[in-house]
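Student: Below are the sequence and a predicted model for it; my questions follow.
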Amino acid sequence: MAKIQVKDTEVTIIVYDEMDYISLTDMVRNIENGLALIEKWLRNKNTIEFLGIWEEMYNPDFNSPEFEGIKNEAGLNRFIMSVKQWVEKTNSKGIIAKAGRYGGTFAHKDIAFEFASWVSPQFKLYLLKEFQRLKEQEQQLTGWSAKRELSKINYHIHTDAIKQKLIPRELTYEQIAIIYANEADVLNMALFGLTAKQWRDENPALTGNIRDYASINELICLSNIENINAVFINEGLLQNVRLQKLNQIAIQQMLILEEFGNRKLLK
């Protein structure tokens, strides 16, 4: 669940059946008799036709025969339609009703934007703007998570090289762990300029480790130098030589990544 601020209205967005649904209830919450607007919109013949087309496109379980009867009645003075009736009669997926603390009437984003246009074209434009901003933020977070997972996968390549080349057979588990940590700090020093312990000492209030707080560009660079260090280890380069080379590579790559990011921002 997410919330966006559309002018002076907080609007809830949920994920249902892997799709975004926006609260119609929230949209009209600050309008006098706002909830009555939803049913008034549902009684509109153009609305019924639009909903039917959407359902037939995206909902294989849509009750088309029942819909035809509703469409024929729509527009007549005696025609009444509530969200509950629409869902029960047609097996709608485009509009859903949720109970509970964060309940209300939710509609697939396509339908929610159509409703927003009916309520207020200006509100729709602000809604579109804030919804798009939310999606961009989600993409950035997804990108960060993907890069973090990539760095973890590449670290397995790195530790395998350590295991094959740097760990004698007879060492204890504790001694092996020290070697792994020591090699991890080669990467930390090359990229961040300090060891894991130094970072923890400088940031006692933070949980996790230095890599959990890295930027996307730093994670990209970390992923790259992990692979390069694995190659250096297999080639038999001494640790101090590897550290110097990795630091030079990290500086070069970060300059390129930051410059590329700034160019994208200018666009």
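Tutor: Happy to help now that I have it. Residues are numbered from 1 along each chain as shown.

Student: any idea how far Gly52 is from Tyr58?
Tutor: According to CB to CB, to the nearest Å, Tyr58 stands 11 Å off from Gly52. C-beta: built from backbone N, CA, C; applies to glycine.

Student: likewise Gln252?
Tutor: Counting by CB to CB - Gln252 and Gly52 are separated by 59 Å.

Student: So the two - more neighbours on which side?
Tutor: Gly52 (20 against 11; other CB atoms under 10 Å).

Student: my read: that one touches Ala74, true?
Tutor: No. Look at Gly52 against Ala74 with CB atoms under 8 Å: they stay out of range, at 9.7 Å.

Student: residues making contact with the helix or strand harbouring Gln85?
Tutor: Secondary structure assignment for Gln85, by DSSP states H and E: helix 83-90. Outside of helix 83-90, the residues within contact range by CB atoms under 8 Å, 6 or more residues apart in numbering are 38-39, 42, 51-52, 55, 62-63, 66-67, 70, 92, 95-97, 105.

Student: What's the ChimeraX line that selects buried ones from those residues?
Tutor: Buried residues within these, by 16 or more other CB atoms under 10 Å, are selected in ChimeraX with:
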select :38,39,42,51,52,55,62,63,67,70,92,95,96,97,105
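
Student: Return the member of the contacts of helix 83-90 nearest to Ser215.
Tutor: Ile96 (38.5 Å; CB to CB).

Student: Which residue, other than its chain neighbours, is closest to that closest one?
Tutor: Leaving aside its sequence neighbours, Ile96 sits nearest to Phe106 (CB to CB, 6 or more residues apart in numbering; 5.2 Å).

Student: quick one: contacts for that neighbour?
Tutor: For Phe106, the contacting residues are 12, 14, 16, 21-25, 95-98, 112, by CB under 8 Å, 6+ apart.

Student: Could you check how far it is from Asn203?
Tutor: Taken as CB to CB, the span from Phe106 to Asn203 is 41 Å.
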